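> okay, sequence plus prediction incoming.
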Amino acid sequence: MSKVKLAISGCMGRMGQQLVKSSKIDKSFKLTALTENRLIKKNISGIKPSLNQENSFKNVDLIIDFTIPKCTFEILKIASKLKKRVVIGTTGFSKKEELQIKKFSKKIPILKAGNMSLGINLLMYLTEIASKSLGNNFLSKVYEVHHKHKIDHPSGTALMLGKGIAIGKNKDFYNLIGKKYLNNKSFPYGKKINFNSIRKGKTVGEHEVKFSSGKEIITLNHEAFDRALYSEGALTAGKWLMNKKPGLYSMRDVLNFK
């Protein structure tokens with residue numbers, strides 16, 4: 001089987017650098033193009049990074065994007081024109097932007113996930129089950145910790161878990177979003193889903209979902225120790241996407257969670 005010709009956008013970011021490392025180890029891929037939103041003078045793994053433009057992606061099969069929403073849409077416009085598959089690990093999209101991504105997926109295969117980890121996607125699945133089973137007698141909240149350089153908050157994964165709570169209750173997630181705290185030592189439960197984000201040190205990622213009836217508390221949590229689990233998950237998603245028709249997919253599809 002021929003290797004997947006891979007482009008990595010945001011190659012100078014934490015996840016971009018990790019993807020470069022993981023793609024060199026995974027023999028299913030041939031690293032073909034690297035892009036950034038600014039000019040980079042040095043070569044990375046023998047490739048000179050370029051800007052997000054058509055020529056950068058002409059000779060690739062797959063683009064993996066861990067950047068910011070503005071860059072993601074630059075890539076989607078080009079990928080849509082060139083009919084390239086895209087894995088999106090970028091977070092922080094608005095509701096309107098989510099709908100725009102769905103429109104692009106009518107033209108090209110897109111896999112989008114707030115988190116590429118097997119464990120996190122299992123946690124999402126369990127969150128849905130717990131939320132559905134516990135019903136409206138339990139209030140819920142989501143807590144997350146990431147390294148001090150992470151800009152967006154709550155994290156894409158925290159929002160993903162909040163969406164899991166909403167799905168379990170069969171309610172619209174955007175109507176259930178409560179208060180968003182940053183670096184609070186504690187934060188309350190509410191009728192809506194409250195979020196608390198901690199930014200400190202070099203923490204790779206911690207996520208926790210809590211349900212409380214006032215008489216008991218149920219906690220679901222996940223802790224990541226190595227950033228490679230995200231890049232390896234993204235590469236697994238990319239391989240899975242190679243034989244898919246246009247559409248919007250998730251890690252849940254890759255892992256076959258019903």
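Here it is on my side, so go on.

> so where do the strands sit in the stretch 1-150 of the chain?
4-9, 29-35, 62-65, 85-88, 109-112, 139-146 (DSSP state E, counting those that start in this stretch).

> deepest of those strands, which one?
strand 62-65 (a mean of 27; mean count of other C-beta atoms under 10 Å). For glycine as for every other residue, the C-beta is placed from the backbone atoms N, C-alpha and C.

> any idea which element Leu248 lies in?
strand 247-249 (DSSP states H and E).

> which strands or helices does that strand pack on?
strand 109-112 (3 or more C-beta pairs under 8 Å, 6 or more residues apart in numbering; DSSP states H and E).

> so which elements touch the strand it packs on?
Using 3+ C-beta pairs under 8 Å, 6+ apart: strand 109-112 touches strand 85-88, helix 95-104, helix 228-241, strand 247-249, helix 251-255.

> apply 6 Å and report the result again.
Applying 3 or more C-beta pairs under 6 Å, 6 or more residues apart in numbering; DSSP states H and E, one finds that strand 109-112 contacts strand 85-88, helix 228-241.

> out of these, deepest packed?
Using mean count of other C-beta under 10 Å, strand 85-88 ranks as the most buried of those, with a mean of 26.

> next one: it to chain centre, how far?
Here the centre of mass of C-alpha atoms in strand 85-88, compared against the chain's by C-alpha atoms, centre = their mean, to the nearest Å, lies 11 Å away.

> cool, and stretch 29-47?
The answer for stretch 29-47 is 22 Å, by C-alpha atoms, centre = their mean.

> same question for stretch 61-79.
That offset, for stretch 61-79, works out to 13 Å (C-alpha atoms, centre = their mean).

> mind checking the pLDDT average for that stretch?
The average pLDDT within stretch 61-79 is 97.

> what does stretch 154-167 give?
Stretch 154-167 comes out at a mean pLDDT of 94.

> is it true that Ser117 touches Ser231?
No. Between Ser117 and Ser231 there is no contact under C-beta atoms under 6 Å: 10.4 Å.

> mind listing the shared neighbours of the two?
Common contacts of Ser117 and Ser231 (C-beta atoms under 6 Å, 6 or more residues apart in numbering): none found.

> how is this protein divided into domains?
The chain resolves into domains spanning 4-112+227-255, 118-224 when parsed by automatic domain parsing.

> can you give me the end-to-end span of the first one?
Read it as domain 4-112+227-255. Domain 4-112+227-255 has an end-to-end distance of 20 Å (criterion: C-alpha to C-alpha, to the nearest Å).

> just give me how far it sits from the chain centre.
12 Å.

> any weak-confidence spans in the stretch 151-258 of the chain?
258 (pLDDT under 70).

> ranges for the strands of it?
177-182, 193-199, 205-212, 217-224, 247-249.

> which one of the strands of the stretch 1-150 of the chain lies nearest to Val254?
strand 109-112 (7.3 Å; C-beta to C-beta).

> on that earlier part again, right, and the strands of the stretch 1-150 of the chain - which one's nearest Asn121?
Closest among these, using C-beta to C-beta: strand 109-112, at 12.1 Å.

> sheet-wise, list the partners of that closest one with their directions.
strand 85-88 (parallel), strand 247-249 (parallel) (DSSP bridges).

> got TSV for those, with distance to Lys48 too?
Putting the strands paired with strand 109-112 into TSV (distance: least, C-beta to C-beta, whole Å) gives the following:
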stretch	distance to Lys48
strand 85-88	22
strand 247-249	31
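
> point to the residue nearest the middle of the protein.
For the chain, the residue nearest the mean C-alpha position is Gly114 (2.4 Å; C-alpha atoms, centre = their mean).
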